[in-house]
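Colleague: Please work out how this folds:
(2 chains)
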Amino acid sequence: MKKLYIALTLVVSTFFLSCDKFLERPPEAKIPEEEALKTEDDVVRVLYGCFFQMGVNEMYNGKLQSTAEYLADHLNGSFLTGKAQETFNRRTTIFNTDNNFLYVGIYNIVYRANKALEKIELVSEPNRAIVEGRIKMVRAICHFELARMWSFNPGYSEANAHPGIPIRLSTEVTPPVRASVKEVYDQIIKDLKEAEASLPDFDSDRSLGDKNTARAFLAKVYFQMNNFADAYHYADLVIKSGKYPLEPTLKTRYSPEGTAESILRIKNLSGSHEPGGTLRATMSGRNNPPAARFTQGFYDFVAGFPGDNRIEWLNNTRHTNVIYVTKYDSSQFELPIITITEMYLTRAEAGGEIADTNPAARTTGIEDINRIIERAYGNDSRNLPSTASADLLIQTARTQREIELMGEGDRLHQIARIGAHPNPARRNELLDRRGAFWNCPGFILQFPDYERNANVNFQMNVEGGCL
Amino acid sequence: MTARNLTRMLAAFSLLLALVLPARAQQRTVSGTVTDAKTGVPLQGVSVSVKNSRIGTTTGADGSFSLNVPADSRTLVFSFVGFGPTEVPLTQTSFDIQLEPVVSSFEEVVVIGYGTQRRRDVTGAVSKVGGDRVNTIPAPSFEAALQGKAPGVQVIQASGLAGSSSVIRIRGIGSISAGGDPLYVIDGIPVTSDPFLRSDQGGMNLNPLAAINPNDIESVEVLKDAGAAGIYGSRGANGVILITTKRGKSGKPRFNYTNKLGVVMASNKPDFVNGREFVTLLQEAWENDGNTGQLPAAEIPGGLTYEQAIANNTDWWDIVTQKGFLNEHNLSMTQGNDKLKSYVGATYSRNESYIARNFYQRMALRANIDYRFSNQFKVGLTAAYNRGINNRISIWETVAAAMSDALPIFPVYNEDSTYFRGGKNPQRYLDNTKYRNTDNRYLGGLTLEYSPVKNLTLKAVGSLDYLESNDDQWESGEWTSDSRGPIAKRYPIWLTNYTTTFTANYQWNPTSDHKFTFLLGAETQESKTKNTSGDIYAWGLEQPFYKGRQDVYKDSLNTFLDNGSRRKQVIDNWTFNSFFARINYTLKDRYVFQALARTDGSSKFGENNKRGFFPAVSAAWVLSEERVFSDISAIDNLKLRAGYGIVGNANFPAGEYYYSYSDPNIYLGLPVWSPNNIGNPNLKWETLRNFDLGLDFSLWNSIVSGELAYYRKVTVDQLLNPGVSASLGFSNAWRNLDNGKILNEGVELSLNLKLVDRSDWKFSVGGNISRNYNEVLSLGSLGPDALQGGYNDTRIAEGYPVGTNLLIRYMRPDPADGLPIWLDKNGKETKTHNLDHRVLVGKVLPDYMGGFNTSLAYHNFLFTTLWTYVIGGNIYDGSAKYMNVGNNWNVRRDFLDRWQKPGDIAKYPRYTLNIAGYPGLSNNDNYNSTMFLYDADYLRLREVSLSYRLPGSLISGTFIRDARIMVTGMNLLTFTKYPGADPEIARDFQNAQDRNMSPNVTYLTPPQSKSYMLSLNINF
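Modeller: This next block holds a predicted model:
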């Protein structure tokens, strides 16, 4: 019996030996943060993840552009269903999971940026400043796109005190609070300017951001704010860098080989990461008729400029009774995030806007818009004369922008920007071809319900009211 | 670590053996035969054992036995299911024993966690279903066949898709985000049953249990309360389903062969309009929307002209369905002698569903070997290989498309014989894709059992549950429309689940009135799931990998691994380290007390809650042993039992209590770090407080028998995933809900009546009914839309059952203009749709459910039926909202009861092409309302069978001992008010929360199948 007790004790004790290690089993795909983020390289890997998310999984992958197109006035919504239909009808609700995923997806990039920033001490100089600059640039881009989709344009209220979006500057778990649009844009500009200050002059790969990238986005942000002097200034800096030639053809912008116009791009790596998946899925008619179909009215508008080769971007023959944009028909392509074309369009229009105080800007603007026109027509027959007025320049730039950036999600933001224009003579509050005022509630997206659950005082957007 | 644990355990066990093996006693041999006292037929499989010892054997096919017993043994005990135990003094060496059939199931042996008990000693709520009863119908998996056979067990069989996953709920649901499925334990191994291993693909959740061969199952025991399931601690809250496989029986080798042949079709064909009717409806909608003239082509889907559309009439349902064939062969062998007993079984089946191209093919081999080295030492080996091939389809491209966006006006081919591509074309999908999931599953265990001293049994078990699963897809160049041509893809998963268990069981009977059983145990388990971080694919391959192109797959895999674009990675890994104890005390064979406790440590739990403690106490009082009842001749047996305990639910993902990262993607040549979650070091199991009260009874010589039970379960600390601020960058974070409380309270009754019990014919009826009341008692501060059922429009709200609907109440169309009239929140009629008008209405959980059966035996014929039913609750048809508006989906015929002209009194509003034309509505998705809420009651003839046992005179002189022919029908009749495909709905679920909240919510869920089957069963 004694033997038995000894044996039993031994057997049982083997099981009671320390099992602490046994109860720690982090799966390989779930590496604890303290193990994952230990070195400079790890912080860079978090930053690279931001770019990956921007182009391959979320945001510029196509969700952002297609959502903006649904809200704008180029699409025929009669074949849209579900969430896209709701967005098209400008009455988004908390149940629009497509928009909710877009929201959380962009904030996930902000989270990554903030996490990288919180670990910035792991990065040694001189890299630290560059990494920090890129992180802030990413954060600014995300806050900017969120602000454009979930809050009204600057100019909607006195001093832009109207509610913007939650500004997230750390990964701390805190309830969401909407900052004012002024605060949001101030933060965006602050981040971009700090980025501009610390980034290298030129990143030949154009995949991570340099001074020109920060400046291009500053131009874009200021332009959205109808701050034309600063928009002109930063677009001018980018163009004058001479690093980004305007492509001679219209065919390279969304091509596998990419475009030299990209100031920031997400490269395509076949089989590994192929950016722009949602653009292809929602906009391309390469295989089946896409969800995003353009109106006959818009087709006629473009076709109303005889000789403009950009009509080729609108296909109305492949699928019966379907007009779609062909930009995304390649099965894979490099994804430009911001291009020199947009800078020319921005400098041109801003040049017209500041012509009173800067006459040279008008001349530059006319030259800029003529570059775009010449490429579109293949000749200079439709160029603006060098004597064209500022108003004609502005109007032409607006038209060229609308055609040039069709299907890229830009139109919505021009409806908002021009609607909020500080100059009544150049303001058009009813630019929308569907007949809605730019500031009707449904033009901005409803927030996910989760924000309200996390903060009962969270101010949701008003739904509908546009049609 | 687990392998090391196993080694450590075996080493320790060997040490134990070395220390105590020398103690052996003198022995003698006893032998004899055992027969049925009523019929005189020899009984095979009777347990013969020395009283108060582990020494024993079972009788062979001729009823004989032989046993070496210690010289000092005094009593032999004979026991057999359905017969009363008999004890005889060991005063001779030869015995001729006649066993009396018992008149009740009180003496039935039931399997409980880590042991067995006589039914009369069981203090917890346990339902037993014999293996023969889970093998009667061609269900997608064995657990689906439990429907209607165990009270309190809700089985919602999945759709008619081959190999799909049923929803099993034991006494309601108390979980929100954590899995609400029971724990499945096969021969002591807690096995993988996760229906989300592959998430939701192609409109179904794959069922890992489908590969298990139902023919190998001896019995299924369902542990329902803390008194029974408490021994599984943090994993017992949803109940435990114990599956015991067949083992060898004493006697010469005996064989069983079963062949089943059958035909399968849809239980119901949904009724949709034809092409001409569809165009007419579009025209009507066009005019309703204020237009005049003929419907323009721009409003006709598919790029068709009006003339083309009206000329087409494709019956897509006919194209995507088939008459499926069933073919199943089972061969098994059992043998046993004093030393060695073995069961070997093999099966092959190929069961087609009614959906074109869809079938499940199962090949399985099992060997259960028991070897007795001595009266003290036994070894048991359990080994099973199951291969399940699921030839899949995506329902969205086939059967669901036929009920929605494959419109009858769409042709299969264009005039130039190319495929029509203007809209959904299921034929193009069927011709140009292949889709197959292959599960190779090994289940094995080695048991070492040692009885060093009388009444003490030490048992060590090491087991492995290994699953290799390949999901293969292939698309032709026609389908991909890619310059690279066709593509073959594979998504492999490898899952390894080790368990090691050590138990010590000691019986101590100080006097005949006092009997104790002590159980002490320790268990470790580790589960590890690996994948390749993405698909392995090859362009240009004209066949899928499984069609002899394994070489290309391996090359592609190696290439991807080498270039870093894919990696083999552990995506899920968790451990449990547990200790448990149970004490049973029986006083005067009349009062039974049980106390048990388990402590579980798990790698899933947060740093601050690494271990949980789960105790339970229960007791039973055999009232029929009391004089006041024993004097009543009508009462055979009467037992009252009660129990209370705390159990947990740890069915949530691993690696959630800490902030984690992964690096599956590469950007600019560098693997990028991606944050996975928001960590929570306080994360722990959810807790269930469970009270159970039961009465088992058997009256008038078992003419009436049954069980009545009451339970009350309160779940707290619910595991919750959604509801954090989305601007944090995550919409989910695992945590335990503060102040959450969910009640499940219910009554179960099962009753069996032997109305006629004569030698030449017998007639019995039986059945069960369960009533479960579910209410969310408190939910903290979460809003009404915080907890949603994934794809489905269900909610969890205070004061309502889990899975209630939050809907706008629809009244009727306005006779003047056909627009819908709603009720606002205050009950006032309005024609403006507004989400603020939504109220909590309807529920997915039924009030009552159960089944009843009949059995009529006449000479060699046996006719049985099983009916299942659900009373109360609702079906929400999430797909219906697209079926009576717009031009994208076909129209179910019941929606034709619509407003057409002023003055019409109709059920449904006017047809419209633009849902925004209904005031306040922004899209079809938000068109949810009580318009699509249906009564969920149904009654279904689940099984009906007629069998004939060949008379002995016919087979005497042949090698056949017994033969039976049977015709079986499944789901032949369904009575329901629901106009959709099928009233029994377990759709594809997005995640566990969706699965908890949204049974009975359909979204184009294919109807179940009905089948006719002819089977032949031969014993030889």
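Colleague: Which stretches in the stretch 301-450 of chain B count as helices?
Modeller: B:306-311, B:316-320, B:399-402, B:426-432 (DSSP state H, counting those that start in this stretch).
Colleague: let me redo that: the stretch 351-467 of chain A
Modeller: Secondary structure of the stretch 351-467 of chain A by DSSP H, counting those that start in this stretch: the helices cover A:359-377, A:390-404, A:411-419, A:449-454.
Colleague: Tell me the first helix or strand C-terminal of the helix or strand of chain A with the lowest mean pLDDT.
Modeller: When the helices and strands of chain A are scored by mean pLDDT, DSSP states H and E, helix A:2-16 comes last with a mean of 52. Toward the C-terminus, helix A:2-16 is succeeded by strand A:31-32 as the next helix or strand (DSSP states H and E).
Colleague: May I see the buried residues of the next helix or strand after that following strand?
Modeller: Sequence order places helix A:33-36 as the next helix or strand after strand A:31-32, per DSSP H and E. In terms of neighbour count (16 or more other Cβ atoms under 10 Å in any protein chain shown), helix A:33-36 has its buried residues at A:Glu33, A:Ala36. The C-beta positions use only the backbone N, C-alpha and C, and glycine is treated the same way.
Colleague: Can you spell out which helices and strands pack onto helix A:33-36?
Modeller: strand B:660-667 (3 or more Cβ pairs under 8 Å, 6 or more residues apart in numbering or on different chains; DSSP states H and E).
Colleague: So is whichever helix or strand comes after the strand it packs on next to chain A?
Modeller: Downstream of strand B:660-667, the first helix or strand assigned by DSSP H and E is strand B:670-675. Yes. Judged by Cβ under 8 Å from any Cβ of the partner chain, strand B:670-675 comes into contact with chain A through B:Leu670, B:Pro671, B:Val672, B:Trp673, B:Ser674, B:Pro675.
Colleague: quick one: average pLDDT of the longest strand seen in chain B?
Modeller: If you go by DSSP state E, chain B has its longest strand at strand B:487-511. Averaging pLDDT along strand B:487-511 gives 95.
Colleague: what do you get for stretch B:124-135?
Modeller: What stretch B:124-135 shows for mean pLDDT is 88.
Colleague: Identify all contacting residues around it.
Modeller: B:108, B:110-112, B:142-143, B:145-146, B:149-153, B:214-230, B:246, B:594, B:618, B:641, B:643, B:692, B:694, B:709, B:711 (Cβ atoms under 8 Å, 6 or more residues apart in numbering or on different chains).
Colleague: Can you list the low-confidence ranges for the chain?
Modeller: Here I'm looking at chain A. Within chain A, the segments meeting pLDDT under 70 span A:1-20.
Colleague: if you could check chain B rather than the one you did, that'd help
Modeller: B:1-26, B:37-41, B:81-82, B:84, B:101-105, B:790-792.
Colleague: Pick out the residue closest to the middle of it.
Modeller: Most central in chain B under Cα atoms, centre = their mean is B:Glu143, positioned 4.4 Å from the mean C-alpha point.
Colleague: Surely it and B:Val155 touch.
Modeller: Yes. Counting by Cβ atoms under 8 Å, B:Val155 is a contact partner of B:Glu143 at 7.1 Å.
Colleague: hey, what's in contact with both of those two?
Modeller: B:Ser166, B:Ile168.
Colleague: burial measure for A:Tyr299, as a count.
Modeller: By other Cβ atoms under 10 Å in any protein chain shown, 17 other residues sit near A:Tyr299.
Colleague: counting contacts, what elements does the helix or strand hosting it pack onto?
Modeller: For A:Tyr299, the host element (DSSP H and E) is helix A:296-303. Other helices and strands packing on helix A:296-303, by 3+ Cβ pairs under 8 Å, 6+ apart, are strand A:314-315.
Colleague: Parallel or antiparallel, list what pairs with the strand it packs on.
Modeller: According to DSSP bridges, strand A:314-315 has the following sheet partners: strand A:324-325 (antiparallel).
Colleague: Now do the helix or strand that the partner strand is followed by: which elements does it pack against?
Modeller: Per DSSP H and E, the first helix or strand lying C-terminal to strand A:324-325 is strand A:335-339. For strand A:335-339, the packing partners by 3+ Cβ pairs under 8 Å, 6+ apart come out as helix A:211-224, strand A:262-266.
Colleague: so which of those gets nearest B:Pro902?
Modeller: Closest approach to B:Pro902 among these (Cβ to Cβ): helix A:211-224, 50.1 Å.
Colleague: Quick check: buried residues in the helix or strand just after the closest one?
Modeller: Sequence-wise, the next helix or strand downstream of helix A:211-224 (DSSP H and E) is helix A:228-240. For helix A:228-240, burial by neighbour count (16+ other Cβ under 10 Å) applies to A:Phe228, A:Asp230, A:Ala231, A:Tyr232, A:His233, A:Tyr234, A:Ala235, A:Asp236, A:Leu237, A:Val238, A:Ile239.
Colleague: Please state the offset of helix A:228-240 from the chain centre?
Modeller: Taking Cα atoms, centre = their mean, to the nearest Å, one finds the center of helix A:228-240 at 19 Å from the center of the full chain.
Colleague: elements contacting that helix?
Modeller: Judged by 3+ Cβ pairs under 8 Å, 6+ apart, the packing partners of helix A:228-240 are helix A:211-224, helix A:340-353, helix A:359-377.
Colleague: follow-up on the earlier one: of the helices and strands packed on strand A:335-339, which approaches chain B most closely?
Modeller: Proximity to chain B (Cβ to the nearest Cβ) singles out strand A:262-266 among the helices and strands packed on strand A:335-339, at 8.3 Å.
Colleague: Neighbouring strands - and their directions - for that closest one?
Modeller: Sheet pairing here is set by DSSP bridges, and for strand A:262-266 it gives strand A:335-339 (antiparallel).
Colleague: how long is stretch B:696-712 end to end?
Modeller: End-to-end distance of stretch B:696-712 (Cα to Cα, to the nearest Å): 18 Å.
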